[in-house]
Structure formats: C-alpha cells, structure tokens
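1. need a 3D model of the sequence below.
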Amino acid sequence: MSAIIGSLGGFGLLFNNYTASSLNLFFFWMTWTTLILSHPPLRVELIATLFIRLLFFFLPALIFTVFDNLIPSLAGKEPRDSRAKPSSRKTASALTGKRKKKQACVETITNGPVFAVLMSLGNILLGIAVQAIAEYVSVDLFKRGRLLRITSALPYPWDMARGIAYAMILREILIYYPHRHIHNTPHSPLYKYHRHPSPTASSLNLTSTTPTDYLLLQFIPVYLPSVMLSFHLLTFLAFVAITSLVDLICYSQYNYLPKAFFVGRIAKRVRGHYDSGGSGGYGWIGILDWIHGTEVRRNKGGVMGVGEGGEGGEGITEAVKRGVKKRKIARRKKDRASETD
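-> Numbering: from 1, shown residues only. Predicted coordinates:
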C-alpha cells in the first residue's frame, strides 16, 4: 500500500515537462517498474484508482461539506427563507405524561450529512468493486488481456493528452443521452433512482446518490471510454483525476466561480440544469446540448429558456441559419455601400 501511494507522488511529473528533469523521470520510471513487478497488477490498479478518487474528490468534497455546514452564509449556501427548516429535519409527535402531543424536530437519516458521506464512500467503493469484477472476467474467465494496460513503459505526454481528449468526448456522449432519456421518460425504471441535490448541497452529493444513478452517470462514462481506448493505467488515473477535480468544483454550486473559464461555464450549466428542473443541460461539456437545442440560458431579464422554445436557446440548425442570415445582411450592406461610392 505504501509503495503504491509513494509511486503516485511522482504522478505530476508527467504533466510538467518544463520543470521535470530527466533524472526525476528516471526515478519515477524505476519506482513504477518496481511497483508493478512487486505487486499483482489488479492490486496496483484498484488501490491506485481508490487513492486518486479519494485524493481528488472525496476528501476535498468532505472538507467543502464541513465548511458549508459550519458557515453556510460565508459559503453562499444559506437558505433564502431563514424561517424554513432544513431539509434534513422532520417533525415528529410524541405523547407526554399529561397525554398531550409534543412536536419535536428530529434528524432524518437519509438526508443528513453523515448519510451523504457514507453513501458517497460506498458508491466509490462500489465502482472499485465493479472495476475489479470487470478485470477478473476479462483476464481469468475469458483469458483475454487486461482492460487497462499496466506496463513498465510510460506513455508519452502527448499520447495521454490526445487519449484524454477523445475520452472526454465519449464521456459527454455517455452522460448526455442516458441523462436526457431519464428526464424525458418518467415511466422509465431509472427515473425513480435519479435525483438532484438541493441548491444548498455540496459536491459530495454528486456521489451520494443511488448506486444505480452513480454507476450509470458517474462511473461508466469514465471507465468505459478508458477501456474502449485501451488506456495505460497512468492515463486512466490522469483522466480520473481531471474529471474528479472538475466535478468537485462544478458541483460544489458556489457562486464565486469565474464564468469566463471552462470550469465556470460547466458550473453555470450544472446550476441551469438544476434550476430548470431537468428541462435541459443534460451534458457535461455542453456540445450535445448545443447541437440538440437543450442548452439552458437566461436572457437579460433573468428569464430562463431551454432549446427552441426558450429565450435565447437554440440548436445547431438555428445557429447556422442565424449565422447565414447575418452574413447575407452584412454582404448586402457592403454591396450597397460600394454602389453608393
């Protein structure tokens, strides 16, 4: 265990070509080679994946959750109606000695922060278990190669970047269509297993959902593209780290994220999906939302619209038509100006 975690300490060297020296890369290669030769490949894969998920998502999300519960006003997540009771409480009646009913507020187990922590950790361990079963079925039962490559040869940084870019596109597809199907098909058996966290929830609620929802919308969109592209384990760990960090920031639902950056735009899209009640914003990056016209937008007056029926929402067809129309108008103005001259 210590050897696996120690080897992951040099993981960032692959992403900093300007400051990482060849000597450091050599030592990292030596540590990595010693690791995979002294431990079973499945153990290396599972412990490394668990370490990355805990380090880049669970532990920071746990810190965010504690911060939000201790100082909700500073975190910007204080309920608007101060008289409203938190969603994690309910009222119960009990008979006193004088045969009178007394109202009391008690914590509900299924809505409390402790339950969210345990459920989130349980879902992460469930994903690790599914990953172990998939490797066991591929290697031991069907006698095929490993789903994720574990070799002493380190992947090139540009190969890692290209593979992660392809995996991002596949992840967008695997998130958008099932997510859209769930919201547009209330009679689907998956509909009751899908739920949205409250506007005052932290990013920990992303993984504290039902196991079915976690596997369908969180685990499979990350693991399946990695298997399809035959990722090296280090490339897979980098992909898990990047997606975990982005999800951690975007699903924290803080209002202080800069909207001009990539992460801020994803966070704005996530908030629009929640505020619209799941009427749009089904993707992660937003490419398919723009193509299918399910992008959630607000006009200057704050009115929310989704797709063709909303204020400012449009699909790729409408965007192309609008662009062609603008170019025609600009060309006509230019021709008239040249004729007058």
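2. neighbours of Thr210, how many?
-> Neighbourhood size, Thr210 [other Cβ atoms under 10 Å]: 15. All C-beta atoms are positioned from the backbone trio N, CA, C, and that covers glycine.
3. which elements pack onto the helix or strand where Arg336 lies?
-> According to DSSP states H and E, Arg336 maps onto helix 316-340. Helix 316-340 sits against helix 287-292, with contacts defined as 3 or more Cβ pairs under 8 Å, 6 or more residues apart in numbering; DSSP states H and E.
4. helices or strands up against the helix it packs on?
-> When contacts are defined as 3+ Cβ pairs under 8 Å, 6+ apart, helix 287-292 packs onto helix 157-184, helix 316-340.
5. and it, what's its mean pLDDT?
-> The average pLDDT for helix 287-292 rounds to 85.
6. what of stretch 250-260?
-> On average, the pLDDT along stretch 250-260 is 65.
7. stretch 26-44 too?
-> Mean per-residue pLDDT for stretch 26-44: 86.
8. show me where the stretch 151-300 of the chain dips below the pLDDT cut-off.
-> Along the stretch 151-300 of the chain, the parts satisfying pLDDT under 70 run over 196-201, 253-262, 264, 298-300.
9. all strands for it, in order.
-> Under the criterion DSSP state E, counting those that start in this stretch, the stretch 151-300 of the chain carries strands at the ranges 296-298.
10. roughly how far apart are Gly323 and Val296?
-> In this structure, Gly323 and Val296 are 21 Å apart, going by Cβ to Cβ, to the nearest Å.
11. residues of stretch 150-161 that come out buried?
-> Neighbour counts using 16 or more other Cβ atoms under 10 Å place 150, 154-155, 160 of stretch 150-161 among the buried residues.
12. typo on my end, stretch 208-223
-> 208-209, 213-223.
13. one more: stretch 130-144?
-> Under 16+ other Cβ under 10 Å, the buried positions of stretch 130-144 are 131, 135, 138.
14. adding distance to Leu25, write these out as JSON lines.
-> Converted to JSON lines, the buried residues of stretch 130-144 look like this (distance: Cβ to Cβ, whole Å):
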{"residue": "Gln131", "distance to Leu25": "28"}
{"residue": "Glu135", "distance to Leu25": "28"}
{"residue": "Ser138", "distance to Leu25": "31"}
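15. which among these gets closest to Arg327?
-> Gln131 (50.0 Å; Cβ to Cβ).
16. can you check the pLDDT for that closest one?
-> Reported pLDDT for Gln131: 96.
17. ok, now how distant is Leu234 from Cys250?
-> 25 Å.
18. higher neighbour count, the two?
-> Cys250 (23 against 20).
19. hmm, the more buried one is touching Val263, no?
-> Yes. The pair Cys250 / Val263 is scored as a contact, 6.2 Å apart, by Cβ atoms under 8 Å.
20. helices or strands next to the helix or strand in which Leu50 is found in the packing?
-> Here Leu50 is covered by helix 41-53, with elements defined by DSSP H and E. Applying 3+ Cβ pairs under 8 Å, 6+ apart, one finds that helix 41-53 contacts helix 2-8, helix 113-136, helix 233-250.
21. give the other helices and strands that the longest one contacts.
-> In terms of contacts (3+ Cβ pairs under 8 Å, 6+ apart), helix 113-136 is packed against helix 41-53, helix 59-70, helix 211-214, helix 220-228.
22. swap the cut-off to 6 Å and go again
-> Applying 3 or more Cβ pairs under 6 Å, 6 or more residues apart in numbering; DSSP states H and E, one finds that helix 113-136 contacts helix 41-53, helix 211-214.
23. could you do the last one as well?
-> Helices and strands touching helix 233-250, as assessed by 3+ Cβ pairs under 6 Å, 6+ apart, comprise helix 41-53, helix 157-184, helix 262-275.
24. what's the closest of the ones you listed to Gly145?
-> Here helix 41-53 is closest among the helices and strands packed on helix 233-250 (Cβ to Cβ), at 10.9 Å.
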